[in-house]
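In: A structural model of the following input is requested.
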Amino acid sequence: MNEPSDLSGPTVVAPDNSLAPRSTQDVLKPIAIEDVVSGQFDQDADGVISPLMTKRVLAPQAESPKLHKVLAQAGLGSRLEMEQLILEGRISVNNEPAHIGQRIQYGDQVKVNGKPLRIRIDPPPPRVIAYHKPAGEIVSHDDPKNRPTVFRKLPRLQHGKWQSVGRLDLNTEGLLLFTSSGELANRLMHPRFGLEREYAVRVLGALSNEEKQKLLDGVMLEDGMAQFGSIENGGGEGANCWYRVTISEGRNREVRRMMEAVGHAVSRLIRIRYGAMVLPHGLRRSTFMELDEADIRALTHAANKGEASQQRANDVEPDAVRPHDRKFKNPRNRAFGAPKQEQGRSTQKRGPQDNSQPDPLKTSVGYIGADSLSRQRKAQSPGGRSGGPRRSGGRSR
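Out: Numbering: from 1, shown residues only. Sure thing, here's the model as predicted:
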């Protein structure tokens, strides 16, 4: 199915095509610029949603420890003795009388006979979900204009609240990460950690080589200089031209403003990657998937490597731009995983293996989220638990 000329609304998928079976490998394959240009992205994103994807719930977390057990482990006595203290009203939690069977969590204040008790409870592990944002939703808890927000469609979090890892503006779609950890959110979005954001962007008119180089060298915006890490042609028909661009920060409407600075209006913008987390085919619009522990560790590791790479980049001179490099890669871009340059080695002799960042779109496996999506799709199969990417409906509970 070819992409319509006006992509302001969703692509309609015929029933016979939407129900056509797809292999697991196709579902787990990352979104590539070719999929966007061909229209396959829209077919997948607006396909039929399984009835098992309707519940906006998360997998249960491990239960918090019971109060009498924590008190016993603190050396105050046996569990039976601690239960007796609770019955006598001598234990309080957050200045409220405790009760038998009460569970406590990280941050709770426990007092014995009115005196604070120092106890050690590990904070809950961070939770991360990947959401496929459609155009027309804003990334805000409160909106004076009462427009649809992404937070209305997110699953209920038992403790704390979801924090978005950066933002996407009203008309931008694609991958949006949320986490229950403010520290992790900061590490993933702060420019000094160097995590690349990758977009498929459609502009009016083709970019000249001079304009591409200007976008790589940097253009002056109202809030300072901005530059792309790389620009690659994506194709397109007529006056609409697609490009695959990367950037290592997330200022408001930055990609759109950069394109406008060189005289090209953006008609469509899709984020297809954040760091090593790639938008997979199986994650349809307005659905989410929860990353498992291994994927969260990989995401955190990528942020840690980004910080180390940025520190190394500050200690060396930026590479010279090679005139013959037609891939339009910005050699000053320092994303996570950038190799440390050896002293005395010429920077002009770097081979293909020295790219600043591994390219998850060159392969269908090995990117963050593949295992999580695979397991959740298996869980939603007949006989499995309800899980996986979910279609949200209505307001948050």
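In: Without its sequence neighbours, what residue ends up closest to Asp169?
Out: Closest residue to Asp169 apart from its sequence neighbours, by CB to CB, 6 or more residues apart in numbering: Arg253 at 5.5 Å. Every C-beta, even on glycine, is put in place using the N, C-alpha and C of the backbone.
In: Quick check: that neighbour vs Arg103, distance?
Out: 45 Å (CB to CB, to the nearest Å).
In: between those two, which one's more packed in?
Out: Arg253 (17 against 13; other CB atoms under 10 Å).
In: The more buried one against Leu168, yeah?
Out: No: look at Arg253 against Leu168 with CB atoms under 8 Å: they stay out of range, at 9.9 Å.
In: So what touches the helix or strand where Ile86 lies?
Out: Assigned by DSSP states H and E, Ile86 falls within helix 79-87. Contacting residues not belonging to helix 79-87 are listed as 67-69, 71-72, 76-77, 91, 98-100, 102, 112 [CB atoms under 8 Å, 6 or more residues apart in numbering].
In: filter these to the buried ones?
Out: Leu67, His68, Leu71, Ala72, Ile91, Ala98, Gln102, Val112 (16 or more other CB atoms under 10 Å).
In: what sits against the closest residue to the fifth one other than its chain neighbours?
Out: Nearest residue to Ile91, sequence neighbours excluded (CB to CB, 6+ apart): Ala98, at 4.2 Å. With contacts defined as CB under 8 Å, 6+ apart, the neighbours of Ala98 are Leu67, Ile86, Ile91, Ser92, Val110.
In: Where do the strands of the stretch 201-350 of the chain begin and end?
Out: 219-221, 224-226, 230-235, 240-247, 266-274, 277-278, 287-290 (DSSP state E, counting those that start in this stretch).
In: now the angle from the fifth one to strand 240-247?
Out: Same thing as strand 266-274. 40 degrees (axes from the mean of the first three to the mean of the last three CA atoms, to 10 degrees).
In: Listing partners with orientation, what would you give for strand 266-274?
Out: Next to strand 266-274 in the sheet, as set by DSSP bridges, lie strand 173-179 (parallel), strand 197-204 (antiparallel), strand 277-278 (antiparallel).
In: any idea which of the ones you listed scores lowest on pLDDT?
Out: The minimum mean pLDDT among the strands paired with strand 266-274 belongs to strand 277-278 (a mean of 88).
In: any weak-confidence spans in the stretch 201-350 of the chain?
Out: Within the stretch 201-350 of the chain, the stretches with pLDDT under 70 are 305-350.
In: Would you map the helices across it?
Out: For the stretch 201-350 of the chain, applying DSSP state H, counting those that start in this stretch gives helices covering 209-217, 254-261, 293-313.
In: Turn the ones you listed into JSON lines, including mean neighbour count and distance to His141.
Out: As requested, the helices of the stretch 201-350 of the chain are exported to JSON lines (neighbours: other CB atoms under 10 Å; distance: least, CB to CB, whole Å):
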{"stretch": "helix 209-217", "mean neighbour count": "16", "distance to His141": "33"}
{"stretch": "helix 254-261", "mean neighbour count": "19", "distance to His141": "22"}
{"stretch": "helix 293-313", "mean neighbour count": "18", "distance to His141": "23"}
